[in-house]
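*Asks:* missing the sequence, but the structure's below:
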DNA sequence: GCCGAAAACGAAAATGATTGTCAAAATAGC
DNA sequence: GCTATTTTGACAATCATTTTCGTTTTCGGC
Ligand SMILES: [Zn+2]
Ligand SMILES: [Zn+2]
Ligand SMILES: [Zn+2]
Ligand SMILES: [Zn+2]
């Protein structure tokens, strides 16, 4: 893993929530790095290809990334206010998705599941 | 509802799966309409605002729309091959999402759930 | 340490979906 | 018919992401 890619992963590790390529680029430049935007995109592409980071789409269609602690399949509970994310599991959901696919004759069934909300801190701050 | 918006909704009704604004624009032009791309975007915006159509994002971040039969909250089982979509319900998933949010102190909990697979027809065609 | 191939970089241009602008066209009320 | 309002659509502008293409680094072999 190259130094630059290492830096991108590092920046992701320091964040608790999902961050976009543009966010990470800004973070890195802010701390003095001379990294280019193209390289940030390439690093994120490689990291998500190798499964080292999770990626999902915001409601506006922007790709956001996160370095998750768990290697296993999981989903996220994401705060709409601060972006903080909690890794969650849902055996019931996994079974349901499989069953739904099978029931309608679909094969190679996969799924996307994300839960959004306002975290306790953000709720408090709003008062 | 204006004639043009009516036309967009009509085009969506004729499709069984999710379609992008560009897809619908192409469909309408193909059948002779002189509608503009901007108008298609505006119609879809209005239709989704009023809840008449469902919208979701493809893995590439493109917005796709569908005129669903059900007014109630539901999810979709979508074919990766032909785009065909089936409306599905999952009470267990609804409860799970709520519980997960509550457990971590999140409020105003919402969720996105989509199931993807290859439909029977597409599986057969691949043989 | 030195050399050339291969990999990594990054600036700038290209892409592609979506949105903003604004004048022309359709529509409604009178 | 006639003016006020809404809708429309060609075109420009945005913005995230991808391509392109020299330049710089890295690295194995010497
Ligand atoms: Zn928060
Ligand atoms: Zn899952
Ligand atoms: Zn299919
Ligand atoms: Zn649901």
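*Replies:* Here it is on my side, so go on. Just so you know, these numbers come straight off a predicted model, no measurement behind them. Residues are numbered from 1 along each chain as shown, chains lettered A, B, ... in the order given. Ligands and ions are numbered 1, 2, ... in the order given.
*Asks:* So which residues of chain A form helices?
*Replies:* A:3-14, A:21-30, A:37-49, A:91-103, A:120-125 (DSSP state H).
*Asks:* I'd like these laid out as a markdown table, including distance to residue B:88 and mean neighbour count.
*Replies:* The C-beta positions use only the backbone N, C-alpha and C, and glycine is treated the same way. Formatted as a markdown table, those follow (distance: least, CB to CB, whole Å; neighbours: other CB atoms under 10 Å in any protein chain shown):
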| stretch | distance to residue B:88 | mean neighbour count |
| --- | --- | --- |
| helix A:3-14 | 34 | 16 |
| helix A:21-30 | 33 | 18 |
| helix A:37-49 | 28 | 17 |
| helix A:91-103 | 5 | 17 |
| helix A:120-125 | 32 | 14 |
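*Asks:* Contacts for the worst-scoring helix or strand of chain A on mean pLDDT next, please.
*Replies:* Least confident helix or strand, chain A: helix A:120-125 with a mean of 92, by mean pLDDT, DSSP states H and E. Contacts to helix A:120-125, defined as CB atoms under 8 Å, 6 or more residues apart in numbering or on different chains, come from residues A:79, A:80, A:81, A:82, A:84, B:105, B:106, B:107.
*Asks:* run the last query once more with 6 Å
*Replies:* With contact meaning CB atoms under 6 Å, 6 or more residues apart in numbering or on different chains, helix A:120-125 is reached by A:79, A:81, A:82, B:105, B:107.
*Asks:* same deal with stretch A:47-61?
*Replies:* Outside stretch A:47-61, the residues touching it (CB under 6 Å, 6+ apart) are A:63, A:64, A:65, A:66, A:67, A:68, B:57, B:61.
*Asks:* how far away is the first one from residue A:7?
*Replies:* Distance from residue A:63 to residue A:7, counting by CB to CB, to the nearest Å: 19 Å.
*Asks:* Quickly note the distance from the closest residue to residue A:53 other than its chain neighbours to residue A:9.
*Replies:* The shortest distance from residue A:53 to any non-neighbouring residue, by CB to CB, 6 or more residues apart in numbering or on different chains, is to residue A:47 (4.5 Å). For residue A:47, the distance to residue A:9 equals 6 Å [CB to CB].
*Asks:* How about residue A:33?
*Replies:* Taking CB to CB, one finds residue A:33 at 13 Å from residue A:9.
*Asks:* from the contacts of stretch A:47-61, which would you call buried?
*Replies:* A:63, A:64, A:65, A:66, A:67, A:68, B:57 (16 or more other CB atoms under 10 Å in any protein chain shown).
*Asks:* Identify, from the contacts of helix A:120-125, the entry nearest to residue B:126.
*Replies:* residue A:79 (41.4 Å; CB to CB).
*Asks:* how about the residue nearest to that closest one when sequence neighbours are not counted, what does it touch?
*Replies:* Leaving aside its sequence neighbours, residue A:79 sits nearest to residue A:119 (CB to CB, 6+ apart; 4.0 Å). Shown in contact with residue A:119 (CB under 6 Å, 6+ apart): A:79, A:84, B:106.
*Asks:* Is chain B within reach of the longest strand seen in chain A?
*Replies:* When chain A is parsed with DSSP state E, its longest strand is strand A:107-118. Yes - judged by CB under 6 Å from any CB of the partner chain, strand A:107-118 and chain B are in contact via A:107, A:108, A:109, A:110, A:111, A:112, A:113, A:114, A:115, A:116, A:117, A:118.
*Asks:* So how do I select the buried members of those in ChimeraX?
*Replies:* Here is the ChimeraX command that selects the buried residues among the residues of strand A:107-118 next to chain B (16+ other CB under 10 Å):
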select /A:109,111,112,113,114,115,116,117,118
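*Asks:* Okay, and which of the buried ones among the contacts of stretch A:47-61 map to strands?
*Replies:* A:63, A:64, A:65, A:66, B:57.
*Asks:* Next one: the closest residue to residue A:111 other than its chain neighbours from residue B:97, what distance?
*Replies:* Once flanking residues are discounted, residue A:111 sits nearest to residue A:97: 4.2 Å by CB to CB, 6+ apart. Separation of residue A:97 from residue B:97 (CB to CB): 13 Å.
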